[in-house]
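**Student:** how would this look folded up:
(2 chains)
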Protein chains: 2
Amino acid sequence: MRLCRTETIGPISFYAMLSRFGSARAALEMLPRLARRGERAKTVAAVTRAEAEIELAAVDRAGARLVCWGEPLYPSALATIEDAPPILTVLGEAELLQRPMIAVVGARNASANGRRFARDLAAALGRGGLTVISGLARGIDAAAHLGALETGSVAVVAGGVDVVYPAENRGLYDALARQGVIVAELPLGTEPQARHFPRRNRIISGMALGVVIVEAAARSGSLITARFALEQGREVFAVPGSPLDPRARGCNDLLRHGATLTETAEDVLSQLAAQLRGVAPPRAVPAMSIPAPPPWSPPAVVEPADNDAVFELILERLGPTPVAVDELVRQCQMSAAAVATLLLELELVGRVERHPGNFVSLR
Amino acid sequence: MRLCRTETIGPISFYAMLSRFGSARAALEMLPRLARRGERAKTVAAVTRAEAEIELAAVDRAGARLVCWGEPLYPSALATIEDAPPILTVLGEAELLQRPMIAVVGARNASANGRRFARDLAAALGRGGLTVISGLARGIDAAAHLGALETGSVAVVAGGVDVVYPAENRGLYDALARQGVIVAELPLGTEPQARHFPRRNRIISGMALGVVIVEAAARSGSLITARFALEQGREVFAVPGSPLDPRARGCNDLLRHGATLTETAEDVLSQLAAQLRGVAPPRAVPAMSIPAPPPWSPPAVVEPADNDAVFELILERLGPTPVAVDELVRQCQMSAAAVATLLLELELVGRVERHPGNFVSLR
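**Tutor:** Just a heads-up that it's a prediction; the model follows:
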């Protein structure tokens, strides 16, 4: 928890550091040395043991629990994505996370028809054996949660698991905390901010076998979830609508690009049939194992680079547009291990940002 | 015209007879000999010269004209389909048939939105340089004709070109006769019957580069047009709609099976861009040429078979489900030419039915 909650250490860095330094403890010990490097004299202060214990106590008081990557209760589909949250805070029936899941998301300003459709669809998907995930937003999300309340529903929230947002969904929040489950990546008490929502959306799609988009305008947040779903190899389902309805634009556009046209729960269930054939969802993750090794050399304690020239070599090749790490390795004519170590240091001092697919950019 | 209007001689037989016997005159002379064969003692009476002259005179009086396969005014796309009508009766601006065409069809009981959409779409497709074809039915068809009246619209009717059906479209019929064009396969004065409509639909799709389906219930007539379009290698466009709207079922189903999702005229025009690149539509058909030769031997006058046993050989292999002629040839161990001749005779006496793709079935 100390490593995971430390500023500038996102999930990809977290797993990279475990892999490079062998354990979270070793990574924490290495942090001050890594942080002295780089051009900006910014220190990375690891979260202290005391701070971590305060969070643990608060989780207890809230009646929530932590579920870590690699633990049996961690959602198995989510565990397979590259930037899976190392720690989830979970409030409610954590056992629901064991079942195969489907996300149902869409417009906040949904039409009455859209809400009714989402509610009925979620109920039918629930009867079909799927736990229904959504984002506890107004409109389609709320309708989907309501429809699946009896059979099992998961809300993934952008802030802390104890922060009700939007306030109008207080009743639904309470019902989900009792009958369903609420999941958050960020610590208890975090107020959700705009930048948190896309990060949250990757968890919604990552937990699910597929994502159903019910109503979505062009360039809306639901399409971000659909994009994550595609990147994560999840099925994308879209509900068609009239060209005269602006709230159908996003869905029709997804259909144009290959999403599965969805009119009934059967359209979803039949598409997922192969994945649902086994009774239990796949439990691919042995407890506390490490994610598939990155393309660099086997884990070993690696000393930070001593020569500032090599930092320049990398920095001059980086810009705001993400570039593949492999390409950097090729261009810098260094070993993959050396480049990985340099990038890790640059990331920790806030110079470099990680992107899925092993891409990096200048921050 | 005498051969074409003779009972039991459909377009495929018509072209096969031209090809087998060298000319329509030779085919007419052969008819009585062919008709004496087969199990049912049914005579095929060729239309007489006098009867044909009566039709020609009536066409003149109606202000219409005949356009034959292979003539310059014959629609070039239609000329390429296997069962192209040998003769079209044309009322109005026959020159409109020279331009690239798009079909816009759909439900008779269309919604107000659907009608408005069809009208606007047809107008925009017309501005994009396409002549808009439809079937002069109520609902979507009528709206499409109206939208394209200024830029060019073609009605393909199931009965005679002088028969207004349905009666409520009298005004539209008159407008099309003045500003557009009305086309029929069947002779003047034919009252349309249920079995004529699917035959008519193959002409709508056959004349067009593509077919846009605007609203269509499951298992509706518009889907027959879509199926013809697929068989003829035409583009199929479908306008999506809400799963809660039964009139969207057919279109959504087409989208599920690969139709191009269509929200605007631009969706159609961009998909057809490659085919529209040339200024004039392709005029692939030299005057009075014969269609691509069927897979049997070069045309030559062939005597009808003498041995009834060979008819049995074929008949016992035929059933209500269409079978490929190639397969019959293989199974009967006869030459392709011999099988073709036998099938032609069986067809003329009404025992055998032709299907596109060189398939036949027992009638």
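
**Student:** gap between residue A:69 and residue B:235?
**Tutor:** According to CB to CB, to the nearest Å, residue A:69 and residue B:235 sit 48 Å apart. C-betas here are computed from N, CA, C, even on glycine.

**Student:** So for those two, which sits in the more crowded spot?
**Tutor:** Counted by other CB atoms under 10 Å in any protein chain shown, residue A:69 and residue B:235 do not tie: residue A:69 has more neighbours, with 23 against 19.

**Student:** surely that one meets residue A:84?
**Tutor:** Yes: Residue A:69 is within contact range of residue A:84, at 5.6 Å (criterion: CB atoms under 8 Å).

**Student:** burial measure for residue A:127, as a count.
**Tutor:** Residue A:127 - counted by other CB under 10 Å - has 13 other residues nearby.

**Student:** for residue A:178, that is, sorry about that
**Tutor:** 10.

**Student:** what's the answer for residue A:232, then?
**Tutor:** By the criterion of other CB under 10 Å, residue A:232 has 20 neighbours.

**Student:** give the contact list for it.
**Tutor:** Residue A:232 is in contact with A:81, A:202, A:205-206, counting by CB atoms under 8 Å, 6 or more residues apart in numbering or on different chains.

**Student:** now it: how far from chain B?
**Tutor:** As judged by CB to the nearest CB, to the nearest Å, residue A:232 and chain B stand 24 Å apart.

**Student:** related to what we said a few turns ago, so which of the contacts of residue A:232 is the closest to residue A:254?
**Tutor:** residue A:205 (13.0 Å; CB to CB).

**Student:** Tell me the secondary structure of the closest one, please.
**Tutor:** Three-state call for residue A:205 (DSSP: H, G, I helix; E, B strand; the rest coil): helix.

**Student:** So for the nearest residue to residue A:166 once chain neighbours are set aside, what pLDDT did the model give?
**Tutor:** Distance criterion CB to CB, 6 or more residues apart in numbering or on different chains; nearest residue to residue A:166, sequence neighbours excluded, is residue A:138 at 6.1 Å. You'll see residue A:138 listed with a pLDDT of 94.

**Student:** Is residue A:362 in contact with residue A:350, as I believe?
**Tutor:** No: counting by CB under 8 Å, residue A:362 stays clear of residue A:350, with 10.7 Å between them.

**Student:** near chain B, which residues of the stretch 151-300 of chain A show up?
**Tutor:** Counting by CB under 8 Å from any CB of the partner chain, the stretch 151-300 of chain A comes close to chain B at A:239-245, A:248-249, A:252, A:255-256, A:261-264.

**Student:** Can you tell me which of these end up in helices?
**Tutor:** Mapping these onto helices (DSSP state H) picks out A:249, A:252, A:255-256.

**Student:** Of those residues, which is the nearest to residue A:189?
**Tutor:** residue A:249 (37.1 Å).

**Student:** my read: that closest one touches residue A:222, true?
**Tutor:** No: using CB under 8 Å, residue A:249 makes no contact with residue A:222, being 11.2 Å away.

**Student:** Name the residues contacting each of the two.
**Tutor:** residue A:216.

**Student:** Looking at those two now, which is surrounded by more residues?
**Tutor:** Per other CB under 10 Å, whichever of residue A:249 and residue A:222 has more neighbours is residue A:222, with 30 against 19.

**Student:** Could you find the closest non-adjacent residue to that one?
**Tutor:** In this structure, residue A:222 finds its nearest non-sequential neighbour in residue A:216, 4.0 Å apart by CB to CB, 6+ apart.

**Student:** got it, and residue A:212?
**Tutor:** For residue A:212, ignoring the flanking residues on the chain, the nearest one in space by CB to CB, 6+ apart is residue A:237 at 4.2 Å.

**Student:** Could you look up the SS state of that neighbour?
**Tutor:** Secondary structure, three-state DSSP: residue A:237 is strand.

**Student:** Please spell out which residues along stretch A:217-234 are buried.
**Tutor:** A:217, A:220-230, A:232, A:234 (16 or more other CB atoms under 10 Å in any protein chain shown).

**Student:** list the contacts for the residue nearest the centre of chain A?
**Tutor:** By CA atoms, centre = their mean, chain A has its centre lying nearest to residue A:203, at 3.0 Å. Counting by CB under 8 Å, 6+ apart, residue A:203 makes contact with A:78, A:85, A:156, A:183, A:185.

**Student:** Packing partners of the worst-scoring helix or strand of chain A on mean pLDDT?
**Tutor:** One helix or strand of chain A scores below all others by mean pLDDT, DSSP states H and E: helix A:308-315, with a mean of 80. Packed against helix A:308-315 by the contact rule (3 or more CB pairs under 8 Å, 6 or more residues apart in numbering or on different chains; DSSP states H and E) you find helix A:325-332, helix A:336-348.

**Student:** Tell me which of these lies nearest to residue B:73.
**Tutor:** Proximity to residue B:73, assessed across the helices and strands packed on helix A:308-315 by CB to CB, is greatest for helix A:325-332 (60.5 Å).

**Student:** got the angle for that closest one vs helix A:308-315?
**Tutor:** Taking axes from the mean of the first three to the mean of the last three CA atoms, to 10 degrees, helix A:325-332 and helix A:308-315 form an angle of 130 degrees between their directions.

**Student:** now helix A:325-332, how far from the centre of its chain.
**Tutor:** Put simply, helix A:325-332 sits 27 Å off its chain's centre (CA atoms, centre = their mean, to the nearest Å).

**Student:** helices or strands next to it in the packing?
**Tutor:** If you count contacts as 3+ CB pairs under 8 Å, 6+ apart, helix A:325-332 packs onto helix A:308-315, helix A:336-348, strand A:359-362.

**Student:** if we go to 7 Å?
**Tutor:** Applying 3 or more CB pairs under 7 Å, 6 or more residues apart in numbering or on different chains; DSSP states H and E, we find helix A:325-332 packed against helix A:308-315, helix A:336-348.

**Student:** give me the residue from the stretch 51-200 of chain A nearest chain B.
**Tutor:** residue A:113 (5.6 Å; CB to the nearest CB).

**Student:** residue contacts, that residue?
**Tutor:** B:242, B:244 (CB atoms under 7 Å, 6 or more residues apart in numbering or on different chains).

**Student:** For residue B:70, see how far away it is.
**Tutor:** Distance, residue A:113 to residue B:70, by CB to CB: 53 Å.

**Student:** again, but for residue A:153
**Tutor:** Going from residue A:153 to residue B:70 by CB to CB gives 67 Å.

**Student:** same check, this time on residue A:324
**Tutor:** Taking CB to CB as the measure, residue A:324 falls 60 Å from residue B:70.

**Student:** Which of the two has more residues huddled nearby?
**Tutor:** Comparing residue A:324 with residue B:70 by other CB under 10 Å, the one with more neighbours is residue B:70, at 16 against 13.

**Student:** Check which helix or strand the residue of the stretch 51-200 of chain A closest to chain B maps to.
**Tutor:** Secondary structure assignment for residue A:113, by DSSP states H and E: helix A:112-127.
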